[in-house]
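Engineer: have a look at this prediction, sequence included:
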Amino acid sequence: MQQPFAYRDNRMHAEDVPLDSIARRAGTPCFVYSSNAILGRYHAYDRAFGDAPHRICYAVKANGNLAILSLLAGAGAGFDIVSGGELFRVLRAGGAADKVVFAGVGKTAEEVEYALEHGIHSFSCESEAELSLIDALASRLGTKARVSLRVNPDVDAVTHPKISTGLREHKFGIDIQAAEEIYARARWHSHIQMEGVSCHIGSQLLRAGPLLAALDRVLALVDRLREKGIPIQELDLGGGLGIPYRPTDEAPSIEDYVAQVKNRVAGRNLTLLMEPGRSLVGEAGVLLSRVLYRKTNAGKEFVILDAAMNDLIRPSLYEAHHEILPVKRDPSRGTVKADVVGPVCETGDYLARDRELANVLPGDLVAISTAGAYGFVMSSNYNARPRAAEVMVAGDGWRIVRQRETFDDIIRGEMA
Ligand SMILES: *Cc1c(COP(=O)(O)O)cnc(C)c1O
């Protein structure tokens, strides 16, 4: 699928469905996902590996909606989780526990037990203390845990500081220098099987260079470990491949990236895992919103939407750019330079600043592009705003895959 969201007769469609018809029935704000775009990206990864042993483990944290998880589970994907809650989601969506890898610096004993009970594929362990905990809990449950150490290759991911994770001073992983000794000591843990090495250096990488540099360092570690008689069988490269948010962004293609990885690993008899999140779902989603008002303050123009930072926090959190396009295109209207803001009571509540966009008017619909990853999952009830509905499109059909929250949903569990 080339463009999941494109204009036909000046009406923006999601696959074969006009977005205005979705807005009319599902309301706004509302996330709209293209199932064929998600599957297309998954198959691009899978096909690029060909018959090299591999598994694509979708990073659930990018978008954990059950419909997306079940779509990917059906296509054969594994899953990368970072919490017990994400494992619960995967199991509910019909994902196979034995294709799940569990990362994260702060796994609790309850989470480790839950994962062991369900027989997940492996833990990406991020400290020696965690290794001891996994060993003790596996022993108690009479099982053996497969573990890889998440090493920190000390490579600069060249991305936004808040989503860079691969430098020595970051909280993630284990210093690659120290890892060798930890692997050697781990042999004394009788309920742990050290099968793999993993790394994840950051997110939204627009160049493959740092990913490949990390791979080289990790491969050198695999070779050293094997020389010492530690039989590493798996290499997990994490996620991180970037996507174009601006029309001028150029992201590495999945095919080129995987081809380069395959070349470097060839002949080593290693199973390769990848944990893409953003690059599977980011471009497959938009946030559909309606213009509430226009106004001018001190000569500055504002477009006020019904979507806000509680729905999509990336602009406020990371200064992220999302294209904002009119759902009905009318070139005769011209453009306007404005701040695009939501109703939340924070000056930081904006979706775009000083943006030249179509001259949209109250009542018009806009599509906030590239909102499929780290959109809904980072949304909140701030200002007691119900979280948005989510819709999945397939061809000319669509369905609501998460109801818009009600006021009652917002106060569930509270006691006056
Ligand atoms: C966030 C994360 C991913 C996914 O990253 P993307 O940039 O969305 O591909 C993969 N693995 C781990 C361990 C992560 O923390």
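Structural biologist: Yep, that arrived. Residues are numbered from 1 along each chain as shown.
Engineer: let me see the domain layout of this structure.
Structural biologist: 5-33+284-411, 50-277 (automatic domain parsing).
Engineer: okay, these in JSON lines with distance to Tyr42 next?
Structural biologist: All C-beta spots, glycine's among them, are computed from the backbone N, C-alpha and C. Below are the domains of the chain laid out as JSON lines (distance: least, CB to CB, whole Å):
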{"stretch": "domain 5-33+284-411", "distance to Tyr42": "10"}
{"stretch": "domain 50-277", "distance to Tyr42": "5"}
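Engineer: flag the shaky bits of this protein, pLDDT-wise.
Structural biologist: 1-2 (pLDDT under 70).
Engineer: most distant residue from the centre of it?
Structural biologist: The C-alpha centroid of the chain is most remote from Ala298, which lies 39.0 Å away (CA atoms, centre = their mean).
Engineer: could you check how far it is from Leu357?
Structural biologist: Here Ala298 is placed at a distance of 20 Å from Leu357 (CB to CB, to the nearest Å).
Engineer: using PDB, list the CA coordinates for stretch 130-142.
Structural biologist: Output of stretch 130-142 as PDB, limited to C-alpha atoms (Å, rounded to 0.1, in the frame of the first residue of the first chain):
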ATOM      1  CA  GLU A 130      17.300  -8.300  37.800                       C
ATOM      2  CA  LEU A 131      19.200 -11.400  36.700                       C
ATOM      3  CA  SER A 132      19.200 -12.700  40.300                       C
ATOM      4  CA  LEU A 133      15.500 -11.900  40.700                       C
ATOM      5  CA  ILE A 134      14.600 -13.700  37.500                       C
ATOM      6  CA  ASP A 135      16.700 -16.700  38.600                       C
ATOM      7  CA  ALA A 136      15.100 -16.900  42.000                       C
ATOM      8  CA  LEU A 137      11.500 -16.600  40.700                       C
ATOM      9  CA  ALA A 138      12.200 -19.200  37.900                       C
ATOM     10  CA  SER A 139      13.600 -21.500  40.500                       C
ATOM     11  CA  ARG A 140      10.500 -21.100  42.700                       C
ATOM     12  CA  LEU A 141       8.200 -21.800  39.700                       C
ATOM     13  CA  GLY A 142      10.400 -24.800  38.700                       C
END
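Engineer: which of the residues in the lengthiest strand in the chain are buried?
Structural biologist: If you go by DSSP state E, the chain has its longest strand at strand 285-297. Neighbour counts over strand 285-297 (16 or more other CB atoms under 10 Å) mark Gly285, Val286, Leu287, Leu288, Ser289, Arg290, Val291, Arg294 as buried.
Engineer: how about TSV for the residues you listed, with distance to Thr347 added?
Structural biologist: Below are those laid out as TSV (distance: CB to CB, whole Å):
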residue	distance to Thr347
Gly285	27
Val286	25
Leu287	21
Leu288	25
Ser289	19
Arg290	22
Val291	20
Arg294	19
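Engineer: and which of the residues you listed is nearest the ligand?
Structural biologist: Gly285 (13.1 Å; CB to the nearest ligand atom).
Engineer: okay, the nearest residue to that closest one once chain neighbours are set aside and the ligand: tell me how far apart.
Structural biologist: Leaving aside its chain neighbours, Gly285 sits nearest to Gly372 (2.5 Å; criterion: CB to CB, 6 or more residues apart in numbering). Distance from Gly372 to the ligand, counting by CB to the nearest ligand atom, to the nearest Å: 11 Å.
Engineer: next: Arg402.
Structural biologist: Distance from Arg402 to the ligand, by CB to the nearest ligand atom: 20 Å.
Engineer: wait, that residue touches Ala389, no?
Structural biologist: Yes. Arg402 lies in contact with Ala389 (CB atoms under 8 Å); the separation is 6.1 Å.
Engineer: buried stuff in the lengthiest helix in the chain?
Structural biologist: In the chain, taking DSSP state H as the definition, the longest helix is helix 209-227. Residues Pro210, Leu211, Leu212, Ala213, Ala214, Leu215, Arg217, Val218, Leu219, Leu221, Val222, Leu225 are the ones in helix 209-227 that count as buried (16+ other CB under 10 Å).
Engineer: pretty sure Leu215 is touching Val261, no?
Structural biologist: Yes. The pair Leu215 / Val261 is scored as a contact, 6.2 Å apart, by CB under 8 Å.
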